[in-house]
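Novice: Here's a sequence, model it:
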Amino acid sequence: MKRNLLIACLFVSATLQAQTASETWVTLPDVLSGKQVSFKDFTTSPGVVVIFTSVACPFDGYYTNRIKQLQNAYAGKLPILLVNSYTEAPEGEEWMKKTAEANGITLPYLSDKEQLLMTQLGAQRSPEAFLLKNVNGKFTEAYHGTIDDNAQAEAGVKQTFLKDAIDALMAGKPIPSATTRTVGCYIRKK
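Specialist: Predicted structure coming up:
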């Protein structure tokens with residue numbers, strides 16, 4: 001019985017590792033540059049930040065300035081990718097581009113209308129953040145959750161979960177909180 005359980009655990013572990021390796025190679029279009037972006041573009045980076053966003057969700061509007069702060073703080077140090085997996089009409093690529101440009105966002109803004117990356121990472125809301133650690137060219141989840149502890153009031157933020165996770169990763173230290181509860185708008189699956 002124990003032997004069968006051990007074999008089953010090893011099989012699940014190997015399967016998850018194989019899935020993680022293949023999932024990191026998703027290629028999506030960047031609506032701002034018109035280029036295709038893939039995780040294999042970042043194999044020399046210590047990690048990648050992925051933030052699922054929306055054009056229409058009010059929570060994303062609350063976080064625009066904080067995303068710009070992350071954009072400025074980590075420019076040239078760690079790639080940050082915005083991803084829109086919503087399929088509703090107001091979330092189209094044209095609106096994605098207009099919204100990003102109007103808000104001064106210059107990060108790659110990836111269109112995931114087939115919801116491939118959303119499904120692979122298990123994203124359910126926006127804004128929802130993932131910090132993926134690069135381990136020999138394979139990306140594994142190091143942090144998953146909210147950007148900080150106050151969705152509606154930037155001035156009331158006491159804990160900067162995503163920033164703290166990024167700083168820990170960059171310093172080679174353990175992530176203080178590997179998972180936090182995400183608040184925001186639900187991404188409807190196709």
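Novice: residues touching the spatially closest residue to Glu91 that is not a sequence neighbour, list them.
Specialist: Take Glu91 and drop its neighbours on the chain: the residue closest to it by Cβ to Cβ, 6 or more residues apart in numbering is Val55, 5.2 Å away. Where you see a C-beta, it was placed from the backbone N, CA and C, and this is true even at glycine. By Cβ atoms under 8 Å, 6 or more residues apart in numbering, the contact set of Val55 is Asn84, Tyr86, Pro90, Glu91, Trp95, Met96, Thr99.
Novice: For Val55, which three-state class applies?
Specialist: coil (DSSP: H, G, I helix; E, B strand; the rest coil).
Novice: Could you report the distance from it to Ser177?
Specialist: 29 Å (Cβ to Cβ, to the nearest Å).
Novice: neighbouring contacts of the strand or helix carrying Val37?
Specialist: Val37 belongs to strand 36-38 when assigned by DSSP states H and E. Outside strand 36-38, the residues within contact range by Cβ under 8 Å, 6+ apart are Trp25, Val26, Thr27, Leu28, Pro29, Asp30, Leu81, Pro108, Leu110.
Novice: same check, this time on stretch 83-96
Specialist: Identification of contacts with stretch 83-96 by Cβ under 8 Å, 6+ apart yields 28-29, 31, 50-56, 109-113, 115, 117-118, 123, 126, 187-188, 190.
Novice: Can I get that stretch in CSV? Just the C-alpha atoms.
Specialist: Output in CSV follows, covering the C-alpha atoms of stretch 83-96 (Å, rounded to 0.1, in the frame of the first residue of the first chain):
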residue,chain,number,x,y,z
VAL,A,83,-2.3,39.7,-19.5
ASN,A,84,-5.9,40.2,-20.5
SER,A,85,-7.9,36.9,-20.7
TYR,A,86,-11.4,38.4,-20.8
THR,A,87,-13.3,37.6,-24.0
GLU,A,88,-16.2,40.1,-23.7
ALA,A,89,-16.4,42.9,-26.4
PRO,A,90,-15.2,45.8,-24.1
GLU,A,91,-12.0,43.8,-23.5
GLY,A,92,-10.9,43.6,-27.2
GLU,A,93,-7.3,44.2,-28.2
GLU,A,94,-8.1,47.7,-29.5
TRP,A,95,-9.5,48.7,-26.1
MET,A,96,-6.6,47.0,-24.4
